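*Asks:* Quick check, what structure comes out for this input:
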Amino acid sequence: MAANDKEVLVKADHVKVYFKGKKRGQTVKAVDDVSFEIMKGETFGVVGESGCGKSTLGRTLIRLQQPTDGHIYLNGTDIAGLKGAQLKEMRKEAQIIFQDPSACLNPRRTIKQILMEPFEIHNLKDKIDVDAKIMELLQLVGLDSYHLSRYPHELSGGQKQRIGIARALALEPQIIICDEAVSALDVSVQAQVLNLLQELKEKLGVCLDTCHVWDGGYDIANHLDEVLAEFDRVIGLNRLRAIHLNDSLNPLGAHKDRHARIGEGCIGQEALIRVVQHPALKDLPFYLETPNELDGYAKEIALMREQAE
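*Replies:* Got it, this is the predicted structure:
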């Protein structure tokens, strides 16, 4: 793999997965001393004949299968030995799309209940608008609210796999393992699902909120270039889709979210003008979320447009 400045997301270090064979003393080496790195934002493929251990490797990477030996690092943390609450927390960051969509969806639950399950497991139902999130997920995979009351057996194979993709996206993981995600589908449906996965990779991105970044401890007023360099290293500027432009009522690193009008907060008008004018950001869409009235928004928009030109 060519060296680059991107951060390593997943590292497999001499991973082995062995099983006991049917005969006494027999050992089946499903995965034998495998090592590689996956960078953030990268699509990584594993190719091999049927039965060579691809699915076992994929399941092991997200700890559905315990490795016999070796280390698996996710964002620098060795997940091979995680248990209990730590393992549960890790699984928010790593999801899988299974090979057979019919076998991985609970036939006794509606599609809404299936998509609700990740939020229930991770106790997020009271923290976010789950209904709105589910509708967002359906739209992402090309389905609509009509499907929410349906059961898996009422959907086509392609629709089931789209639900599997939506479920994998629900918690906004950092990595998604596709375990031969189209092999059980007809050829025409395979193309649709593969195109969808590529579209999602291109469509899904990140919005940077100036208030959130500032309140999180990143000094965009005095060190904007350094903050953007760190953003590029960890996430990638190529994944940045929009900027929420807000001043902050709080001092740097307050870890709160209190928006202020442009120039009336702790970030300041000059710093926010530099954000609008920055070469890496100036062509992105900017959205105001300041506490304001229509005439106030008009003044802020006029100011920022003038500075951006």
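
*Asks:* Need the pLDDT of the residue nearest to I220 when sequence neighbours are not counted.
*Replies:* Computed as Cβ to Cβ, 6 or more residues apart in numbering, the closest residue to I220 that is not its neighbour in sequence is V227, at 5.3 Å. The C-beta positions use only the backbone N, C-alpha and C, and glycine is treated the same way. The model reports V227 with a pLDDT of 94.

*Asks:* now the strands for the stretch 51-200 of the chain?
*Replies:* 69-74, 77-78, 94-97, 175-178 (DSSP state E, counting those that start in this stretch).

*Asks:* Run the chain-centre distance for the first one.
*Replies:* Averaging C-alpha coordinates over strand 69-74 and over its chain gives two centres that are 21 Å apart (Cα atoms, centre = their mean, to the nearest Å).

*Asks:* Adjacent strands (with direction) for it?
*Replies:* Partners of strand 69-74 in the sheet, by DSSP bridges, are strand 8-20 (antiparallel), strand 77-78 (antiparallel).

*Asks:* ok, now which ones touch the nearest residue to H71 once chain neighbours are set aside?
*Replies:* Excluding the flanking residues, the one nearest H71 by Cβ to Cβ, 6+ apart is D13, at 4.2 Å. By Cβ atoms under 8 Å, 6 or more residues apart in numbering, the contact set of D13 is 35, 70-73.

*Asks:* Tell me which stretches of the stretch 51-200 of the chain form helices.
*Replies:* Using DSSP state H, counting those that start in this stretch, the helices of the stretch 51-200 of the chain run over 54-61, 84-90, 101-104, 111-121, 130-140, 157-169, 187-203.

*Asks:* Tabulate these (TSV), appending mean pLDDT.
*Replies:* TSV is the format used below for the helices of the stretch 51-200 of the chain (pLDDT from 0 to 100):
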stretch	mean pLDDT
helix 54-61	94
helix 84-90	92
helix 101-104	89
helix 111-121	95
helix 130-140	91
helix 157-169	91
helix 187-203	77
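
*Asks:* Columns mean neighbour count and distance to R150 on top of those helices, output as a markdown table?
*Replies:* Below are these laid out as a markdown table (neighbours: other Cβ atoms under 10 Å; distance: least, Cβ to Cβ, whole Å):
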| stretch | mean neighbour count | distance to R150 |
| --- | --- | --- |
| helix 54-61 | 21 | 28 |
| helix 84-90 | 11 | 29 |
| helix 101-104 | 17 | 14 |
| helix 111-121 | 18 | 5 |
| helix 130-140 | 16 | 11 |
| helix 157-169 | 23 | 9 |
| helix 187-203 | 14 | 18 |
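
*Asks:* which one of those helices lies closest to A254?
*Replies:* Using Cβ to Cβ as the criterion, the shortest distance between A254 and those is 25.1 Å, found for helix 84-90.

*Asks:* ok, back up a step: within the helices and strands, which one has the residue nearest to I220?
*Replies:* Mapping V227 onto the secondary structure by DSSP states H and E places it in helix 224-234.
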